[in-house]
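# I'd like to go over a predicted model; first the sequence, then the structure.
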Amino acid sequence: MESRILEINLISAQGIKLPPPTIRRRLQTYAVTWVNPTAKLRTRLDSTGDENPTWNDKFLFRVSDEFLSGDTSAVSVEIFAVGCIKDVLIGSVRFLLSNCLKGESIGTPAFTAVQIRRPSGRFQGVLNIAAAVHNSWDFPILEKSTAVSFRQLMERKSRRLSRGGSSSRHSSGGESDADSASSSTVLKEWNCIRQVTGKMVKSDGAGLLCGLMMKGASSDENFSKQKY
């Protein structure tokens, strides 16, 4: 069965609050997202936005065409606040792809805002999301994986570049054949990163206008809460 790459960008949230009876404090928040609960991915920690955090973290999921075309296919998100003893669940979202990706061409991001459901069942705040679909051959890294954080992927590439750049040189200051080969490999790796980044960066610019462009979308009433 042919697969596609689903890109999800958890951009930001507005108006989130700690559930009672939690004592009010400045929030440090992160979000966890998944298509399959066996492969959950986490955003970076926002320590400055308080009730209006910004993450702008992208995630790549390998999914089937059947999943993308399903009316009930969804991406799940849970938002947590860092706690003294354990982290506190602020709210959750079940984002239906059919509400956002209709008619969008390959690689074109779609933006929407989804209401956040508190643990009590009430809605409080909104989550800003972008979604796009890519051809699977554009991301060979996912041939052996079903989900990956784009940030972690880039950090892994950067570490490989750093190791390649630390190759030893001759004491005379000249560069050996091995060093030349290593430099050539590093350059190819860097070009690869630039190409991948070029595919993804178009989501970033549009994300700055997300609040002006996005349409409201209701969360699924039948969303079953799952613990992270």
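In hand now; what should we look at? Numbering: from 1, shown residues only.

# so where's this structure uncertain?
1, 22-23, 103-104, 165-228 (pLDDT under 70).

# which residues in it form strands?
In the chain, the strands defined using DSSP state E lie at 3-14, 29-34, 41-42, 54-64, 74-81, 88-96, 110-117, 123-135, 147-149, 215-217.

# dump those strands to JSON lines, plus mean neighbour count and distance to residue 158.
All C-beta atoms are positioned from the backbone trio N, CA, C, and that covers glycine. Below are the strands of the chain laid out as JSON lines (neighbours: other C-beta atoms under 10 Å; distance: least, C-beta to C-beta, whole Å):
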{"stretch": "strand 3-14", "mean neighbour count": "22", "distance to residue 158": "20"}
{"stretch": "strand 29-34", "mean neighbour count": "22", "distance to residue 158": "22"}
{"stretch": "strand 41-42", "mean neighbour count": "20", "distance to residue 158": "19"}
{"stretch": "strand 54-64", "mean neighbour count": "21", "distance to residue 158": "16"}
{"stretch": "strand 74-81", "mean neighbour count": "22", "distance to residue 158": "27"}
{"stretch": "strand 88-96", "mean neighbour count": "22", "distance to residue 158": "30"}
{"stretch": "strand 110-117", "mean neighbour count": "22", "distance to residue 158": "28"}
{"stretch": "strand 123-135", "mean neighbour count": "20", "distance to residue 158": "22"}
{"stretch": "strand 147-149", "mean neighbour count": "19", "distance to residue 158": "14"}
{"stretch": "strand 215-217", "mean neighbour count": "12", "distance to residue 158": "35"}
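
# and those strands as JSON lines, adding distance to residue 163?
Listed next are those as JSON lines, based on distance: least, C-beta to C-beta, whole Å:
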{"stretch": "strand 3-14", "distance to residue 163": "27"}
{"stretch": "strand 29-34", "distance to residue 163": "29"}
{"stretch": "strand 41-42", "distance to residue 163": "25"}
{"stretch": "strand 54-64", "distance to residue 163": "24"}
{"stretch": "strand 74-81", "distance to residue 163": "34"}
{"stretch": "strand 88-96", "distance to residue 163": "38"}
{"stretch": "strand 110-117", "distance to residue 163": "37"}
{"stretch": "strand 123-135", "distance to residue 163": "28"}
{"stretch": "strand 147-149", "distance to residue 163": "20"}
{"stretch": "strand 215-217", "distance to residue 163": "44"}
